[in-house]
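Q: This is a predicted model, with the sequence first.
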Amino acid sequence: VAFCRGRVVRVPKGPLIRVMGTEVAIPCSVSDYDGPSEQNFDWEFSRDTDFVRIVSTWDPTFTSEEYQKRVGHGDVKLRRSSNDAVELVIRNIQPTDQGRYKCSTPSTDATVQGNYDAEVQVKVISDGLSVSGSKARSSTSLRLSEGDSFKLRCSAITTSPEHTHLHVTWQIKSGSTWRDILSLTHEGKFQPGPGYEERYRNGDIRLDTGANDTYRLSVSQASSVDGGSYRCLVSEWVRGADSSWQKIQEKNVEIASVAIQRTDVVISTSNVSVTERDSLDLTCNITTDRSGIFQAEVMWYFSVSPDDTLSDAQVLLSMDRDSVVSDSTLISLSHVDRNSYRLLVRDVDVEDSGYYFCQAAVWVPLHNGSWHKVVERTSAPVSVMVTALEPDYEVFLNASKTPKFSDDPTELNCRITNAQDTEANIRFTVSWYYRQHLYGDDVVTEELLATMDADWTLLLGDRSRERTQNGEIIFSKKTVDTFSLRIQWTSESDRGDYFCVISAWSRHRNNTWVKSKDVTSASVSIFWSTQDYTLTVEAVKLKPFFVAGHTFEMTCKVSSKNIKTPRYSVLITAEKPLTDQSNPNGTTRIISLNQDSVVRLEDWTDQTRVDGVVLEKVQENEFRYRMYQTQISDAGLYRCVVTAWSPGGGGMWREAVNGLSNPIQIDFQTSGPVFNVSVHSDNPTIYQGELADLLCIVTMEGMALEPDDMSFDVSWFAVRSFALDREPVLLASLDRRGIVTQSRRNGSSDLSLERISPLEFRLRVHGCEDHDFGNHYCIVTPWVQSATGVWQREPDIKAKPIFLSVKMDVLNAFKYPLLIGIGLATAIGLLSCLIGYCSSRWCCKKEVQETRRERRRLMSMEMD
């Protein structure tokens, strides 16, 4: 295929049939060529045998003398459509132009391959197409009403010697452009234009053929879009040699000018404002120039929005074309004259405010006695505002009870005065508001306390909901015209401005209530002067000097001002030194006593001295704290934290103010021994499965003690990291009574903790695993027996950690896997040899038959 490829020049398959006097365009293209993308073309013409040069794209001297004048005037020219295609255009073709046309392309190929020219036969026939309009006159003017029908006719005939088909299209011009309405194609098919498909399917637009080669356009239900100029466009088509249809000429004639008179529906008035209980009068007018018999069908609609559709609107009343009106009590519809219809709404209400519009349909009688709807229109909505009849009244707010002190009651009365025009259809409700009282120009928005709806249901605001449910705030209606707000126990947060809003509600025809008016009262200020609460707390140490083991005792004396009948709650706190490991925060809550004299232990965790602290109330404003058998670890600063409480509403206590006493220090001056702790191991690096020994050694400086006068609590911890950046893990502990406690372990290794001497404690890790590595240390709590026989707890001592490294024994780790692997390999090898031997011995043995050879001696050559 590649070797056979070459240049191909193409022209249409002939003969080409064209009509005299029309413009002819003969295309020519080239493909599969080499060289530049833009190719040149030469055209030649022949009537018999010799060709005459017509025109060329690259040589201006190519044209022969016979065609120079026509080429110069532009009657014959070349029109390039692409780099590899041109068209020979001949305007006003004549019978002398009938003949053969040859298109040639100069070679730009490296080798000569393919064809470089092509010929096409052109046949010129006479013009036999005739198109005309109505016989009476060439153009007609029609003036119609919307919904009417009309018909237009045109005649088209051809006397062409060839077998041609006609394509008839009706067009309308409603602006500057012509639009297709309906066509009868040259293939005998009906084709509606854009936008006319639905009307064609409904039968409102038809194209019929009649006698004498006439084509009739029938339009039913004419609308405003059908107004304009109409013409009949006829084109003549012939089937070419390649079986494709080709348009050879086209003619048109204007038939008529059609004007459509639009039918409008309007409401005589624009925006309307009426007063409640009055009547609403609207008129719907139908504007039409229709003079014949017709009937109108009218329907009135109501909607709350001007953008609502007919399906969303409410139907008020309707009248059919026989003037039959649908039933309604308060609404009537009457036929005023031929084109006017009146809507009357009596006793209007506020609910009748909205948008009104009417829809009218025009019906005309047909020849068979039936009625036909020709047009339907909807008016623009008219806004109707119904003004409510507002009652006239005033609102007065006064305080019947005002608080002088906190927790006193407050009562406000909201009264309706000078009420006029308050008939039975008017109902009053109240809304209570609170506004915080601020000095200066600060603006504070009001807060809703409670409100009533139309059926007197009370709705509570966020500020008063909880207190109202608890009975602290009461909302009531004392009389017909008086509403009350009562606060049982007024607090400082209730100080501020109060006002009420009286709402008037009107009852409508459907027994619903609609708010018609709001009147706001003047505000009433609830305020009383107060002084700041003061609270003073003094702590006194009763025994200035004492030693460890004795009882610590201090009292807290409280004095307050501007607090009504106060009660006090007391909390004892201790600030321990920062070296205390049990409380790194420094402050410990020991014991508390509330305002009802209930004692509670807070953070006291010494189980051996649960009853060692006591807090009691000596007088109304004096409290005493005792701590029995004090120890060295109890050293620190002790304070009294006192809270003053005043009685609140409903028997509840309200916190008034807090106070903190001066500190009382407990400091033990002793010359006893000083203990130090260290961790030691002979072999901190071990292998897996071995035993690790860790010693916690306690040393003592200063005064020597007998072994029976001292004991120790020892706890071992481990940090599973190199840099001590993780939480320590408790391994085991040994208290001073010799009881060992171990934490839960996940591995297979085991722990043991024992005392090997009065000052040495040994931790053993049996069968060490890799997760037993890390920093190990011990914490020792010394206990020393005083001369009085009391055991004193010394501060905790933490040893410097030692790192335990666990290594893996490579030989022992791989010994058993290697032995097992060698054994399995040997067994599999012997098994393979055995299987091979048995298979070759019994399973795969073949009998080989050897050819029998005759045993003959060779003969000598002389005997041969």
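A: Yep, it's here.
Q: mind checking how far stretch 483-497 is from the chain centre?
A: 45 Å (CA atoms, centre = their mean, to the nearest Å).
Q: One more: stretch 572-579?
A: Mean-position distance between stretch 572-579 and its chain equals 55 Å (CA atoms, centre = their mean).
Q: That stretch: which residues count as buried?
A: Within stretch 572-579, the residues that qualify as buried are Ile572, Thr573, Ala574, Glu575, Lys576, counting by 16 or more other CB atoms under 10 Å. Bear in mind the C-beta positions are built from the backbone N, C-alpha and C, glycine included.
Q: Would you check that the fourth one makes contact with Pro663?
A: Yes - under the criterion of CB atoms under 8 Å, Glu575 lies in contact with Pro663, with a separation of 7.3 Å.
Q: shared neighbours of those two, anything?
A: Among the neighbours of Glu575, those also in contact with Pro663 (CB atoms under 8 Å, 6 or more residues apart in numbering) are Leu637, Tyr638, Arg639.
Q: for the first one, helix, strand, or coil?
A: The reference is to Leu637. Leu637 carries the three-state label strand when classified by DSSP: H, G, I helix; E, B strand; the rest coil.
Q: does the closest residue to Glu794 other than its chain neighbours sit in a helix or strand, and which one?
A: Spatial nearest neighbour of Glu794, chain neighbours left out: Pro782 (4.0 Å); criterion: CB to CB, 6 or more residues apart in numbering. Following DSSP states H and E, one finds Pro782 within strand 774-785.
Q: And that strand, how far out from the chain middle?
A: For strand 774-785, the distance to the chain centre is 61 Å (CA atoms, centre = their mean).
Q: Contacts only, for Thr573.
A: Listed by CB under 8 Å, 6+ apart, the contact set of Thr573 reads Thr587, Thr588, Arg589, Ile590, Tyr638, Arg639, Val641.
Q: Tabulate the residues you listed (TSV), appending pLDDT, neighbour count and secondary structure.
A: Below are those laid out as TSV (pLDDT from 0 to 100; neighbours: other CB atoms under 10 Å; DSSP: H, G, I helix; E, B strand; the rest coil):
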residue	pLDDT	neighbour count	secondary structure
Thr587	83	13	strand
Thr588	88	19	strand
Arg589	90	15	strand
Ile590	90	18	strand
Tyr638	91	22	strand
Arg639	93	20	strand
Val641	95	17	strand
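Q: Quick check: of these, which lies closest to Leu819?
A: Proximity of the contacts of Thr573 to Leu819 was ranked by CB to CB; the top entry is Thr588 with 63.1 Å.
Q: contacting residues for Ile93?
A: Ile93 sits next to Arg18, Val19, Met20, Gly21, Thr22, Glu23, Val24, Val124 when contact means CB under 8 Å, 6+ apart.
Q: hmm, 7 Å instead?
A: Arg18, Met20, Thr22, Val24, Val124 (CB atoms under 7 Å, 6 or more residues apart in numbering).
Q: And Phe302, by the same measure?
A: Ala313, Gln314, Leu316, Gly354, Tyr356.
Q: Can you give me the neighbour number for the closest residue to it other than its chain neighbours?
A: Using CB to CB, 6+ apart and skipping residues adjacent in sequence, the residue nearest Phe302 is Gln314, 4.8 Å away. Neighbour count for Gln314, taken as other CB atoms under 10 Å: 11.
Q: now do Val729
A: For Val729, using other CB under 10 Å, the count is 13.
Q: Tell me the spacing between it and Ser529.
A: To Ser529, Val729 is 63 Å away according to CB to CB, to the nearest Å.
Q: ok, the nearest residue to Pro566 once chain neighbours are set aside - how many residues close by?
A: Nearest non-adjacent residue to Pro566, counting by CB to CB, 6+ apart: Ala644, 4.7 Å away. If you count neighbours by other CB under 10 Å, Ala644 ends up with 21.
Q: Go through the strand of greatest length in the chain and flag the buried ones.
A: Taking DSSP state E as the criterion, the chain has its longest strand at strand 245-261. Using 16+ other CB under 10 Å as the burial criterion, the residues of strand 245-261 that qualify are Gln246, Ile248, Gln249, Glu250, Val253, Glu254, Ile255, Ala256, Val258, Ile260, Gln261.
Q: was I right about Glu254 contacting Ser229?
A: Yes - contact criterion CB atoms under 7 Å: Glu254 and Ser229 qualify, at 6.1 Å.
Q: Which ones among the contacts of Phe302 map onto strands?
A: Gln314, Leu316, Gly354, Tyr356.
Q: Near the third one, how many other residues are there?
A: It refers to Gly354. If you count neighbours by other CB under 10 Å, Gly354 ends up with 19.
Q: Report the contact partners of it.
A: Here Gly354 is in contact with Phe302, Ser303, Val304, Val384 (CB under 7 Å, 6+ apart).
Q: same question, the first one
A: When contacts are counted by CB under 7 Å, 6+ apart, Gln314 is found next to Tyr301, Phe302, Ser303.
Q: just the second one next, same as before
A: By CB under 7 Å, 6+ apart, the contact set of Leu316 is Trp300, Tyr301, Phe302, Ile331.
Q: How about it, nearest residue that isn't a chain neighbour?
A: Trp300 (4.4 Å).
Q: Quick check, that neighbour in contact with Leu344.
A: No - applying CB under 7 Å as the test, Trp300 and Leu344 come out as separate, 10.5 Å apart.
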